[in-house]
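In: when you get a sec, could you give me coordinates for this:
(one chain, ligands or ions: 1)
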Amino acid sequence: MKRAVKALNRISVQQLAFSYNGRDMVFENFSAEFSGGPTAIIGQNGAGKTTLVKLIKGLLKPDKGRILINGIPAGSMTVRDLAKTVGLVFQNPNDQIFKPSVLEEVTFGPKIIGFSGEKAERSAKEALEMLGISHLKHENPYDLNLSQRKLVSIASILSMDPDILIFDEPTMGQDYEGREIIKRTIRHLRERGKLVLAILHDMDFVAENFDRAVVMHEGKIIADGHPREVFAREEIVAQAGLELPNAVKLGKRLGLKDIFLTKNELIRYLKERTSGR
Ligand SMILES: Nc1ncnc2c1ncn2[C@@H]1O[C@H](COP(=O)(O)OP(=O)(O)OP(=O)(O)O)[C@@H](O)[C@H]1O
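Out: Below you'll find the model as predicted:
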C-alpha cells in the first residue's frame, strides 16, 4: 500500500509588486521561493523584510503578482485557513497580545481556528512548556517583562500548530537563556517538518541556527545561500550593511581564509591545527 507523503511546506512569491502609498514601490517584480530548513531574512532597516512577511501572511495585499502557500494562492484562502497554515510572530509582542492571562492568550488562537477547548488547552500547555514559561500561565502578560512577553507571543503562534512559522526579530530583547529557548524551539519546529522563516538583525544567531540566509536590499534579494557563503561575500556584507557574526570577525582577525560560523567551529579548527603541528 502506498504511504501518503506529506508535501514539503513551501512559499512561492511570484512577480510581486507592492507600494504603501501608490508611488514609492517597496517591491517591483519580486520573486522568491522558501522551503526546507530554517531561513533567515536579513538586511538593513527599510529593505522590505517586514513588508514581505506581512504580504505572505495576507496582512497586506500585493498590487501585482501572487503568493502561493503550499501551492494555494494566498489571496484565495480564507483568513482562518491562512491563520491555520501561516503563523507570524510580530516584532513587538504588544501588537499581538490582548488577553488578560497568558493561558487565555495562548489558547485564543487555537480556539479561533477551530481546535476543541480540550485540544486548544493541550496545545497551549505544550507551547508554554516548549518556551519554558508554563509557570507564568496565570500571569497577566502586561505584568511580564518584554522578553517574557515575547516568549508568550511566540507560544500563542506555536499553539496553533501552523505548517509555516515566521518570526520577526525573535531574539530582540532576549538574554542568553531566552536565545537558547528560541534556538531549541527552531530546532524542534524543523524536526517536525515546519517551514521556519525569521527576520533577524542578530548575525550570531543566523550563523548558528539557519541553513539559508536571504539578503534583502531596497526591495531586492542581493544574495541567497548558506550563511557560510553569504558572510564570505564582503561586497554583499558591505552593501547590505550587515554586521558579521563574531566568529567570522575573529577568524578574519586571525588571518584565516575559511569562514567559521561559530566559536566552537573556530576553536575546533585551531585545536586541530595546533595538534597537527
Ligand atoms: N506602514 C507603512 N506605511 C508607509 N511606508 C511604510 C510602512 N511600513 C514600511 N514602510 C516603508 O516600506 C519600506 C520597507 O520597510 P520594511 O519595514 O518592510 O523594512 P524592513 O526591512 O522590515 O526594516 P526593519 O528592519 O526596520 O524592520 C521602507 O521604505 C519603509 O519606510
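In: and the helix or strand encompassing Leu88, anywhere near the ligand?
Out: Element membership of Leu88, judged by DSSP states H and E, is strand 86-89. No - using CB under 6 Å from any ligand atom, strand 86-89 stays clear of the ligand, with a minimum separation of 12.7 Å. (Glycine included, C-beta is placed from N, CA and C.)
In: for the record, mean pLDDT for that strand?
Out: The average pLDDT within strand 86-89 is 96.
In: what do you get for stretch 251-266?
Out: Computed over stretch 251-266, the average pLDDT equals 93.
In: measure it end to end?
Out: For stretch 251-266, the first-to-last residue distance is 7 Å (CA to CA, to the nearest Å).
In: same thing with stretch 194-213?
Out: Chord length of stretch 194-213, first to last residue, is 17 Å (CA to CA).
In: and for stretch 121-140?
Out: From its first residue to its last, stretch 121-140 covers 17 Å (CA to CA).
In: and the strands in the protein?
Out: In chain order, the chain shows strands spanning 10-19, 25-35, 39-42, 64-69, 72-73, 86-89, 164-168, 195-199, 212-217, 220-225, with DSSP state E as the criterion.
In: what would those strands look like in a markdown table with mean neighbour count?
Out: Rendered in a markdown table, the data for these read as follows (neighbours: other CB atoms under 10 Å):
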| stretch | mean neighbour count |
| --- | --- |
| strand 10-19 | 18 |
| strand 25-35 | 17 |
| strand 39-42 | 24 |
| strand 64-69 | 18 |
| strand 72-73 | 12 |
| strand 86-89 | 24 |
| strand 164-168 | 25 |
| strand 195-199 | 24 |
| strand 212-217 | 22 |
| strand 220-225 | 17 |
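In: contacting residues around the strand holding Leu88?
Out: If you take CB atoms under 8 Å, 6 or more residues apart in numbering as the criterion, strand 86-89 is touched by 53-54, 56-59, 69, 96, 153-154, 157-158, 160, 162-168, 170.
In: outline the domain layout of the chain.
Out: Each domain of the chain is listed here as a residue range: 10-243, 245-277, per automatic domain parsing.
In: pick the most deeply packed of those.
Out: When neighbours are counted by mean count of other CB atoms under 10 Å, the highest per-stretch mean among the domains of the chain falls to domain 10-243, a mean of 18.
In: distance from the chain centre to that domain, please.
Out: 4 Å (CA atoms, centre = their mean, to the nearest Å).
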